[in-house]
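Undergrad: Dropping the sequence and predicted coords here.
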Amino acid sequence: MSEEKTEENPVSSNPVNRDNTVQKNSAEEPLLSDRSKKALPFSNWLPLIAGALIGIILRLIFSGKPQDAYATMAGTFVLLVPMAVGATTVFVAERQRRRSWGFYIGGPIIANTLFVLGTLAIFIEGMICAIIIIPLFAVLGALGGLLMGLICRTSNWPKQAVGSFVLLPLLLGVIPPSVPDLQRIAVLERTIQVQATPEQIWYQLHHADNIRQDEVGQAWMYRIGVPLPVAGITQETKAGLVRSIKMNKSIHFDQVSSDWVENKYVVWRYHFYPDSFPPNALDDHVTIGGRYFDILDTTYSLKPQAAHTTELKIQMRYRVSTEFNWYADIVAKMLITNFEEVILSYYQKRSVDGDHHRMKPGIQVEVNQRGG
């Protein structure tokens, strides 16, 4: 009798089909083959580029006027689009291979940074807004990336999830921003001791001319792109004091006061003209006196201390009006308090080292002829 020989398949952890083909565990098999990876040398950048492109496309859609649907400063855009960018980045990356939790955070941060840089490159966003918004976009993008990473690891519907991330801001964007705007008004103050008399400081407060970059340029607001001040000269008119402010890029406006006591205090309120801020001088979203931000008034107070020493105080009352005031207010406080410290140091140095002539009542008296 002949013996029938049989061969046994080697032991394998993968199941074997009837046609003897080995079936790999789908969880271990990357969605892009090694051959595809070699054919796409930029594959490591593909998730980042995909996320950034989604952000740019949504930004182009959210170009409506402040009071209309799809407004750029709508909370729907600012809060949800960075999360969509992060979710898209992680989704595309997971299509290539399993990524780490660190990537779920870092990848979306980079993608959102590329997104913001892309809006700068195509001139739909300004440098000031870009610098201010990147920290918020980074945090929200990382949150979206973490949520998408969790979905990819624990569910079988990542496509539906990433679609929801992208569609949600589009669906909610049709709702116009809240009217009236949510407002937050606050007062910030700083003080400094100046080795000068109140008369010396008072003179400098009203004769700030030929302001140099090395005197005030270290303020954060000027470092991120706000044009530098050039001069602030006061005239006494029949209506009160008028201080003409001139800045680079042809920015000009007035500070007016009907409430002051010479050598003691002055309260400035702001008056803007239709041409105070020429096109492209400031980002529309951060223009002083605009829909989203304003400086309501500024008060300088002088209090004599010891001999030849005066306490100089500045108080600035401001307004932020956005659907994300909790973040806008943090940014405003950082920039304004830093500015107060820098401008007090400027007046301190000028009072100590500069011209010590006292401003006499009635100097440069003339009626302000400017419109408004």
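TA: Nice, I can see it.

Undergrad: which residues of this protein fall in strands?
TA: 184-194, 207-208, 229-237, 240-247, 251-261, 265-271, 293-304, 310-320 (DSSP state E).

Undergrad: between those strands, which gets nearest to Y104?
TA: With CB to CB, the closest approach to Y104 among the strands of the chain belongs to strand 310-320: 31.7 Å. For every residue, glycine as well, the C-beta is placed using N, CA and C.

Undergrad: Pull out the CA atoms of that closest one and give them to me as PDB.
TA: Extracted in PDB, the C-alpha atoms of strand 310-320 (Å, rounded to 0.1, in the frame of the first residue of the first chain):
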ATOM      1  CA  THR A 310       6.800 112.400  41.000                       C
ATOM      2  CA  GLU A 311       4.500 109.400  40.700                       C
ATOM      3  CA  LEU A 312       3.300 109.200  37.100                       C
ATOM      4  CA  LYS A 313       0.200 107.000  36.500                       C
ATOM      5  CA  ILE A 314      -1.400 105.900  33.300                       C
ATOM      6  CA  GLN A 315      -4.900 104.400  33.100                       C
ATOM      7  CA  MET A 316      -6.300 103.000  29.900                       C
ATOM      8  CA  ARG A 317     -10.000 102.000  29.500                       C
ATOM      9  CA  TYR A 318     -10.500  99.600  26.500                       C
ATOM     10  CA  ARG A 319     -13.200  97.500  24.900                       C
ATOM     11  CA  VAL A 320     -13.200  94.200  23.200                       C
END
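
Undergrad: helices and strands around that strand, which ones?
TA: With contacts taken as 3 or more CB pairs under 8 Å, 6 or more residues apart in numbering; DSSP states H and E, strand 310-320 sits against strand 184-194, helix 198-206, strand 293-304, helix 325-353.

Undergrad: Tell me, how many residues neighbour L146?
TA: 18 (other CB atoms under 10 Å).

Undergrad: I'd guessed it sits against W101; true?
TA: Yes: L146 is within contact range of W101, at 7.5 Å (criterion: CB atoms under 8 Å).

Undergrad: Starting from Y346, give me the distance back to the residue nearest to Q348 when sequence neighbours are not counted.
TA: Closest residue to Q348 apart from its sequence neighbours, by CB to CB, 6 or more residues apart in numbering: V194 at 4.7 Å. Distance from V194 to Y346, counting by CB to CB, to the nearest Å: 11 Å.

Undergrad: So between the two, which is more surrounded?
TA: Here V194 and Y346 are compared on neighbour count by other CB under 10 Å; more neighbours surround V194, at 25 against 18.

Undergrad: Please save the CA atoms from stretch 337-349 in CSV.
TA: C-alpha atoms of stretch 337-349 as CSV (Å, rounded to 0.1, in the frame of the first residue of the first chain):
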residue,chain,number,x,y,z
THR,A,337,-0.1,96.6,30.0
ASN,A,338,3.2,96.2,28.1
PHE,A,339,2.5,99.4,26.2
GLU,A,340,1.8,101.3,29.4
GLU,A,341,5.1,100.2,30.9
VAL,A,342,7.0,101.2,27.8
ILE,A,343,5.3,104.6,27.4
LEU,A,344,5.8,105.4,31.1
SER,A,345,9.5,104.6,30.7
TYR,A,346,9.6,106.9,27.6
TYR,A,347,8.1,109.8,29.6
GLN,A,348,10.4,109.1,32.5
LYS,A,349,13.5,109.3,30.4
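
Undergrad: quick one: low-confidence ranges for this protein?
TA: Residues of the chain meeting the criterion pLDDT under 70: 1-42, 178-181, 354-372.

Undergrad: Just give me the residue right at the centre of it.
TA: By CA atoms, centre = their mean, the mean C-alpha position of the chain lies nearest to I132, the distance being 1.8 Å.

Undergrad: my read: it touches F293, true?
TA: No: assessed by CB under 8 Å, I132 is found out of contact with F293, at 10.6 Å.

Undergrad: For the stretch 101-250 of the chain, which segments are assigned as helices?
TA: For the stretch 101-250 of the chain, applying DSSP state H, counting those that start in this stretch gives helices covering 101-121, 127-154, 158-172, 198-206, 213-216, 220-223.

Undergrad: could you dump those to a markdown table with distance to G55?
TA: What follows is the helices of the stretch 101-250 of the chain, written out as a markdown table (distance: least, CB to CB, whole Å):
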| stretch | distance to G55 |
| --- | --- |
| helix 101-121 | 3 |
| helix 127-154 | 8 |
| helix 158-172 | 10 |
| helix 198-206 | 45 |
| helix 213-216 | 34 |
| helix 220-223 | 25 |
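
Undergrad: Which one of those helices lies nearest to Y327?
TA: helix 127-154 (5.4 Å).

Undergrad: Tell me what angle the closest one forms with helix 325-353.
TA: Orientation note: helix 127-154 sits at an angle of 150 degrees relative to helix 325-353 (axes from the mean of the first three to the mean of the last three CA atoms, to 10 degrees).

Undergrad: any chance of the helices and strands packed on strand 310-320 in TSV, plus distance to A71?
TA: TSV is the format used below for the helices and strands packed on strand 310-320 (distance: least, CB to CB, whole Å):
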stretch	distance to A71
strand 184-194	19
helix 198-206	39
strand 293-304	15
helix 325-353	15
